[in-house]
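Engineer: Attaching a predicted model along with its sequence, questions to come.
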Amino acid sequence: MPNHVSKWADFSRGLYIPGESGSGNQQAGFAVPGNALIKADNIEYLPSGAVRGRRGYAKYTSSPLPGGDLAVSGLWRHYGLAGSEETSEGTNDWSNDSGVGTVSWTNPTFANQADQQPAEASLAADEISEYLTGATWGFSSIPDDARILGIAVQVLRCASQSGAGSIQDYEVRLGQQVGLPRGDNQASDSVWRVSENATPESSDYEEVWYGGRSELWGSLWTVARVKDPAFAVYISAQATGGAKDALIDQVYVWVYYSSDEDQKRFLVVRDEPEWENRRISEEYPDTPGAFRHVSNILITDYRPRFIFWPAKNKTFIFDGGLVLYYYNTEAFSVVSASEEGEVSLEPRTGPYACIHNERLWASDPNELNQSVYASAVLDETTWYPENQISVSDGVGGEITGLESYGGVLVILKESGVWAFAGDIENPISLNQISTIGCIAPATVAKTPRGIVFLARDGVYLTDGRDVYPLSDAIRPLFVNRTQDNIYPNAVGIYHRHRQMYYLNLEPATGTECYVMQELRVPTEEGDVLLTPWARISSLPFHAACTWDGPDDDGEIFFGSVDAYIYRGDYLGYYDNSPFRMEIQTPFRALSEDRRLGRAYHVKAHVRALNNTAGGIRYDQAESDNVSFTLDTSKAVPEFQHPRATITDQAEFGRFASVRLSNDVDGYQWEVHGVWLENRMRSIMQWR
């Protein structure tokens with residue numbers, strides 16, 4: 001009779017798949033017992049269910065920036081354009097796309113021209129149409145080396161005379177692949193005009209614009225992508241309050257671009273011990289990584305907000321100071337106020353601002369508890385006092401961020417989130433959509449799915465309609481048994497090219513950073529969006545910016561507390577030093593009846609270059625009970641199935657966790673699966 005019974009247990013589920021099948025948990029990451037990795041250091045996630053090492057960073061500046069050892073509190077990469085051009089196109093390539101809604105459009109190709117023969121969707125109450133999808137736009141006149149500044153969609157539409165309901169937008173999006181809309185939803189909350197005739201005439205249709213000269217719809221556009229036949233427009237409508245027909249007679253797409261040579265240049269703001277002496281530097285025109293001090297133009301204790309307005313070819317610097325500055329590649333200047341009679345229409349200086357509906361929108365440093373102001377259209381010099389909205393909520397708390405998303409102005413406060421629909425001269429609605437507020441202004445970041453921000457108890461996302469939690473996986477960082485941790489000075493940045501959000505909770509003193517990754521993972525029920533988290537053990541992240549130019553491959557840069565700029569997601573090392581990638585699976589029962597047992601063999605499916613170190617931990621142990629080494633050393637990285645024997649019989653438990661680590665160039669280590677062969681104890685024998 002054998003003295004043991006062995007059983008292999010699959011620990012791969014813990015890499016990040018969210019719990020048991022059908023659990024419905026959309027969160028993944030470390031620190032979620034039973035559902036994901038306990039430890040995820042310096043790694044990133046793959047849609048297949050595997051993890052791999054993360055790429056590192058390297059110095060962009062070989063020496064500290066001029067002016068001494070000062071923390072970088074603002075980082076921006078400006079590009080100058082000598083001028084802009086525009087072109088518009090229609091298309092005959094119209095079809096239905098079932099990516100949303102249930103009701104198809106009749107005669108979708110009729111959206112190709114304004115002839116009062118529309119594409120039509122007959123909707124019952126609360127029904128949503130499928131996408132009316134237009135592709136193959138052409139744009140052959142745009143030079144291949146141009147930069148795309150903005151995209152607008154021009155629609156002639158109306159609602160039928162018959163029917164008791166009304167029609168509204170459901171989604172209006174662009175896509176880089178037919179069948180796959182992406183980026184911001186530019187749908188408006190306004191009701192479609194109702195036709196005065198049973199058969200609509202030309203005067204019944206209203207012309208509606210989505211996007212604009214400086215609106216990129218939350219995505220990265222190149223000339224090749226807008227010329228690609230797969231570049232598509234997606235329009236979906238919904239009926240409310242009763243049945244109604246949605247009618248679209250014509251759709252045009254406008255592309256705004258510059259064919260002049262870009263002039264790219266970093267702008268850096270740094271803190272001196274006394275905030276009155278905050279400095280700004282610019283990169284030399286033809287010497288990347290070399291900087292010169294400009295002037296002490298920022299006299300504020302707020303972090304500056306850089307807003308590049310392509311339509312004006314200027315970067316505006318909102319710092320809550322006495323004046324509003326702009327940079328045009330040649331010099332820094334003050335925005336001069338326009339005048340009407342004896343009234344000076346002074347610009348608002350923030351420190352929070354954004355571009356929305358072809359206007360600058362900004363807070364006022366003297367009214368941070370309630371007021372947001374709008375400039376005149378395409379005019380930074382004119383700010384009428386009446387162009388103001390109030391978000392006073394009776395609770396108090398200051399404004400902490402402004403962003404434009406999906407046709408809505410999102411206003412973040414310490415006490416909640418507000419959404420303003422319409423325009424300052426034609427407002428539709430202003431609503432407080434949540435009492436969960438943003439406490440860390442420097443964490444606000446726009447993503448294709450909405451606005452990410454840090455609240456008192458974690459990271460959240462808002463799409464202008466609701467607020468959604470994102471950080472259950474790292475909740476112990478904010479809420480634990482002994483105290484709640486609040487991080488008002490935290491900084492965050494969204495790296496659009498990699499679909500990752502970087503978060504440093506204590507930028508002044510710590511280099512530990514947390515990264516949330518967006519992944520679409522195929523399942524039997526369809527794609528599931530996961531947001532797993534990982535930790536970067538050392539990243540000099542006090543300020544950051546991304547550069548989404550078509551020839552820059554979506555780079556990300558970090559500014560440190562010691563006056564350096566680092567290029568992130570770069571090579572496989574942290575500033576030329578190897579770093580350790582480490583994962584630890586959740587604790588799992590060694591047998592269904594939870595008997596005592598021990599690991600006998602461990603095997604893994606990995607891609608590696610050198611040996612992988614590991615350990616086994618029993619029953620919530622915080623350090624390894626036993627150690628092992630997987631022989632994964634190869635001349636070049638390749639997939640392997642290494643196996644190690646656990647010889648130590650003195651350690652055992654009812655639950656076990658596997659830890660693996662490697663020190664190598666990040667992309668040279670991947671883990672696709674982990675298994676343990678266990679021996680269970682019965683009376684005095686291992687069985």
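Structural biologist: It's in.
Engineer: Okay, now the unreliable bits of the stretch 501-650 of the chain?
Structural biologist: 521-527, 548-553, 572-576 (pLDDT under 70).
Engineer: Which stretches in it count as strands?
Structural biologist: 513-517, 519-523, 526-530, 533-536, 543-547, 555-559, 565-568, 580-584, 588-589, 597-608, 612-618, 626-630, 638-640, 643-645 (DSSP state E, counting those that start in this stretch).
Engineer: any chance of those strands in JSON lines, plus distance to Ile428 and mean neighbour count?
Structural biologist: In this view, the C-beta of every residue, glycine as well, is placed from N, C-alpha and C. As requested, the strands of the stretch 501-650 of the chain are exported to JSON lines (distance: least, Cβ to Cβ, whole Å; neighbours: other Cβ atoms under 10 Å):
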{"stretch": "strand 513-517", "distance to Ile428": "32", "mean neighbour count": "23"}
{"stretch": "strand 519-523", "distance to Ile428": "32", "mean neighbour count": "14"}
{"stretch": "strand 526-530", "distance to Ile428": "29", "mean neighbour count": "13"}
{"stretch": "strand 533-536", "distance to Ile428": "37", "mean neighbour count": "25"}
{"stretch": "strand 543-547", "distance to Ile428": "32", "mean neighbour count": "23"}
{"stretch": "strand 555-559", "distance to Ile428": "36", "mean neighbour count": "24"}
{"stretch": "strand 565-568", "distance to Ile428": "40", "mean neighbour count": "22"}
{"stretch": "strand 580-584", "distance to Ile428": "49", "mean neighbour count": "22"}
{"stretch": "strand 588-589", "distance to Ile428": "52", "mean neighbour count": "16"}
{"stretch": "strand 597-608", "distance to Ile428": "53", "mean neighbour count": "21"}
{"stretch": "strand 612-618", "distance to Ile428": "56", "mean neighbour count": "22"}
{"stretch": "strand 626-630", "distance to Ile428": "60", "mean neighbour count": "18"}
{"stretch": "strand 638-640", "distance to Ile428": "56", "mean neighbour count": "13"}
{"stretch": "strand 643-645", "distance to Ile428": "64", "mean neighbour count": "14"}
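Engineer: Ok, which of the ones you listed comes nearest Thr109?
Structural biologist: strand 526-530 (29.0 Å; Cβ to Cβ).
Engineer: dump the residue contacts of the closest residue to Ala589 other than its chain neighbours.
Structural biologist: In space, Ala589 comes closest to Phe655 once its chain neighbours are excluded; the distance is 5.7 Å by Cβ to Cβ, 6 or more residues apart in numbering. Contact analysis of Phe655 by Cβ atoms under 8 Å, 6 or more residues apart in numbering lists Phe587, Arg588, Ala589, Leu590, Arg594, Tyr618, Asp619, Gln620.
Engineer: The first one: neighbouring residues, count only.
Structural biologist: Using other Cβ atoms under 10 Å, the number of residues around Phe587 comes to 22.
Engineer: before we move on, back to that, among the contacts of Phe655, which one sits closest to Thr629?
Structural biologist: Closest to Thr629, out of all of the contacts of Phe655 and judged by Cβ to Cβ, is Tyr618, at 19.1 Å.
Engineer: In this protein, which residue is most central in space?
Structural biologist: Thr447 (3.0 Å; Cα atoms, centre = their mean).
Engineer: picking up where we left off before, redo the strands of the stretch 501-650 of the chain as TSV? Include distance to Val208.
Structural biologist: Formatted as TSV, the strands of the stretch 501-650 of the chain follow (distance: least, Cβ to Cβ, whole Å):
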stretch	distance to Val208
strand 513-517	35
strand 519-523	31
strand 526-530	30
strand 533-536	40
strand 543-547	31
strand 555-559	36
strand 565-568	40
strand 580-584	50
strand 588-589	55
strand 597-608	51
strand 612-618	57
strand 626-630	60
strand 638-640	53
strand 643-645	63
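Engineer: mind listing the helices for this protein?
Structural biologist: In the chain, helices defined by DSSP state H lie at 223-227, listed in chain order.
Engineer: How about the residue nearest to the centre of the chain: which residues does it bridge to?
Structural biologist: Thr447 has these beta-bridge partners by DSSP bridges: Gly450.
Engineer: Tell me how many other residues surround the closest residue to Glu518 other than its chain neighbours.
Structural biologist: Nearest in space to Glu518, with sequence neighbours left out and distances taken as Cβ to Cβ, 6+ apart, is Gln499 at 4.3 Å. Number of residues near Gln499 (other Cβ under 10 Å) recorded here: 15.
Engineer: which ones are touching the residue nearest to Trp361 when sequence neighbours are not counted?
Structural biologist: The spatial neighbour of Trp361 that comes closest, neighbours along the chain excluded (Cβ to Cβ, 6+ apart), is Ala374 at 5.1 Å. Applying Cβ under 8 Å, 6+ apart to Ala374 gives the contacts His356, Arg359, Leu360, Trp361, Trp383, Asn387, Gln388, Ile389, Ile424.
Engineer: ok, so what distance separates the second one from Lys314?
Structural biologist: For Arg359, the distance to Lys314 (Cβ to Cβ, to the nearest Å) stands at 14 Å.
Engineer: Counting neighbours, go ahead and name the busier of those two.
Structural biologist: Neighbour totals were compared for Arg359 and Lys314, and Arg359 leads with 25 against 21 (other Cβ under 10 Å).
Engineer: give me the beta-bridge partners of that one?
Structural biologist: Under the criterion used here (DSSP bridges), Arg359 is bridged to His356.
Engineer: any idea how far Gln186 is from it?
Structural biologist: In terms of Cβ to Cβ, Arg359 sits 16 Å off from Gln186.
Engineer: ok now do Arg654, which residues does it touch?
Structural biologist: Counted by Cβ under 8 Å, 6+ apart, Arg654 has contacts Ala589, Leu590, Arg594, Arg595, Leu596, Gly597, Tyr618, Asp619.
Engineer: For Ser591, see how far away it is.
Structural biologist: 8 Å.
Engineer: between those two, what contacts are shared?
Structural biologist: With Cβ under 8 Å, 6+ apart as the test, Arg654 and Ser591 both reach Gly597.
Engineer: Can you tell me which of the strands of the stretch 501-650 of the chain is nearest to Arg182?
Structural biologist: That would be, of the strands of the stretch 501-650 of the chain and by Cβ to Cβ, strand 519-523, which comes in at 10.8 Å.
Engineer: top strand in this protein by residue count?
Structural biologist: strand 244-258 (DSSP state E).
Engineer: Give the other helices and strands that that strand contacts.
Structural biologist: If you count contacts as 3 or more Cβ pairs under 8 Å, 6 or more residues apart in numbering; DSSP states H and E, strand 244-258 packs onto strand 85-89, strand 119-123, strand 131-135, strand 147-159, strand 166-175, strand 232-240.
Engineer: hmm, back to that, let's have the contacts of Arg654 in JSON lines, adding distance to Gly163.
Structural biologist: Rendered in JSON lines, the data for those read as follows (distance: Cβ to Cβ, whole Å):
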{"residue": "Ala589", "distance to Gly163": "59"}
{"residue": "Leu590", "distance to Gly163": "64"}
{"residue": "Arg594", "distance to Gly163": "62"}
{"residue": "Arg595", "distance to Gly163": "67"}
{"residue": "Leu596", "distance to Gly163": "70"}
{"residue": "Gly597", "distance to Gly163": "67"}
{"residue": "Tyr618", "distance to Gly163": "67"}
{"residue": "Asp619", "distance to Gly163": "65"}
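Engineer: Mind picking the one among those residues that's closest to Asp249?
Structural biologist: Of the contacts of Arg654, the one sitting nearest to Asp249 (Cβ to Cβ) turns out to be Ala589, at 63.4 Å.
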